[in-house]
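> any chance you can model this:
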Amino acid sequence: MSYKKVIPTFKNEDEERVFWATADASEYVDWSKAGKLVFPNLKPSTKTISLRLPEFILDELKLLAHKRDVPYQSLIKMFLKDRIDKELSSIS
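Alright, predicted model coming up:
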């Protein structure tokens, strides 16, 4: 990645945060030469929700999860993600 202006040296992360909160990064970094990075060890942030399901649906989910040897909440997330992907692909 090539730089336009010289990025200052910071004493700590707080100082750097203050700088980047007001600086225009396009004056310092040539984003046209940036590459895609993958962070395989990062976990997506999650949010707890309350979801009411009929008992028979929950029982069926638990049965399916047991057959797949996965926690039922993980199975619900997998099912939701699959359906969301399918719906989004039909929109475009």
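> scan the protein for its longest helix.
helix 72-91 (DSSP state H).
> run through who's touching it.
Helix 72-91 is contacted from outside by 58, 61-62, 64-66, 68, 70, using CB atoms under 8 Å, 6 or more residues apart in numbering. Any C-beta I mention is one placed from the backbone N, CA and C, and that applies to glycine too.
> out of these, who's nearest residue 15?
Taking CB to CB as the measure, residue 15 sits nearest to residue 70 out of these, at 45.0 Å.
> spatially nearest residue to that closest one, not counting backbone neighbours?
Nearest residue to residue 70, sequence neighbours excluded (CB to CB, 6 or more residues apart in numbering): residue 78, at 7.8 Å.
> most distant residue from the middle of this protein?
Computed with CA atoms, centre = their mean, the residue of the chain farthest from its C-alpha average is residue 56, at 31.6 Å.
> quick one: that residue from residue 13, how far?
Applying CB to CB, to the nearest Å, the value for residue 56 to residue 13 is 51 Å.
> circling back to that earlier point, ok, the residue nearest to residue 70 - how many residues close by?
Residues near residue 78, counting by other CB atoms under 10 Å, number 13.
> and the gap between it and residue 5?
46 Å.
> which stretches of this structure have low pLDDT?
Along the chain, segments meeting pLDDT under 70 span 1-3, 92.
> where do the helices of this structure begin and end?
So, for the chain - with DSSP H - the helices run 13-22, 55-68, 72-91.
> of all those, which one is nearest residue 46?
Of all these, helix 72-91 comes closest under CB to CB, at 9.1 Å.
> now that closest one against helix 55-68, angle please.
Orientation check (axes from the mean of the first three to the mean of the last three CA atoms, to 10 degrees): helix 72-91 against helix 55-68 gives 100 degrees.
> neighbours around residue 77, how many?
13.
> quick one: the nearest residue to residue 61 once chain neighbours are set aside from residue 59, how far?
Among residues not flanking residue 61 along the chain, residue 72 sits closest, at 5.0 Å (CB to CB, 6+ apart). Residue 72 is 10 Å from residue 59, where distance means CB to CB.
> between the two, who's got more neighbours?
residue 72 (17 against 12).
> which residues does residue 27 contact?
Residue 27 neighbours (CB under 8 Å, 6+ apart): 4-5.
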